[in-house]
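Engineer: I would like the atomic coordinates for the input below:
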Amino acid sequence: MARTFRRKETLGAISEINVTPLIDLAFALLIIFMITTPLLEQTIPLNLPLDSQAPASERAAVEFQVISIDREGHIYWGEDKVSKIKLNDLLNSLRAQSNPPVLNIRADRNLQYQKVIDVIDIIKQNQLSKISLDTQVR
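Structural biologist: As a prediction, the model looks like this:
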């Protein structure tokens, strides 16, 4: 029996998916997220007090406004350094909102307790009651 080496006239469909580009894309996205995620966190370095409980597993989709107090007692609204008068003005503008954000207070562990109470007092004067205090987990 003789063999013929002719090509088939019909074209067959490729039934395999090339996953190599998909894997490359997945690794590229993973690297991008690994690099950018730490940059999204608060940039003011604070030594937060310790908490013995584990953090909440999942927070609801709630808007937060961060107020930080560093070791020297300087107050920050997000990343902007503000005075107590400016903080009072910013909180007064939040009070006018129908659904004000939760005020997340971050204070250095070695800070005098009175400085934190002063900030909380300004918040209470503006009739805002949604307050969260940040701590580190042991």
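
Engineer: count of neighbours near I69?
Structural biologist: Close neighbours of I69, defined as other C-beta atoms under 10 Å, add up to 21. In this view, the C-beta of every residue, glycine as well, is placed from N, C-alpha and C.

Engineer: Please verify my assumption that it contacts N104.
Structural biologist: No: if you go by C-beta atoms under 8 Å, I69 and N104 don't touch, sitting 11.9 Å apart.

Engineer: Would you mind listing where this structure has pLDDT under the threshold?
Structural biologist: 1-2, 4, 6-12, 39-43, 53-60, 138 (pLDDT under 70).

Engineer: can you give me the strands in it?
Structural biologist: 50-51, 64-69, 75-77, 80-82, 102-107, 131-133, 136-137 (DSSP state E).

Engineer: Give me the sheet partners of the first one and which way each runs.
Structural biologist: Taking DSSP bridges as the criterion, strand 50-51 pairs within the sheet with strand 136-137 (parallel).

Engineer: For the strands of the chain, give me a markdown table that also has distance to L94.
Structural biologist: A markdown table is the format used below for these (distance: least, C-beta to C-beta, whole Å):
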| stretch | distance to L94 |
| --- | --- |
| strand 50-51 | 26 |
| strand 64-69 | 7 |
| strand 75-77 | 10 |
| strand 80-82 | 13 |
| strand 102-107 | 8 |
| strand 131-133 | 12 |
| strand 136-137 | 27 |
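
Engineer: which residues does Q112 contact?
Structural biologist: G73 (C-beta atoms under 8 Å, 6 or more residues apart in numbering).

Engineer: can you start the count at 13 instead of 1 from here on
Structural biologist: All right, first residue 13 from here; so that's Q124.

Engineer: Next, find the distance separating S144 from V114.
Structural biologist: Distance, S144 to V114, using C-beta to C-beta, to the nearest Å: 5 Å.
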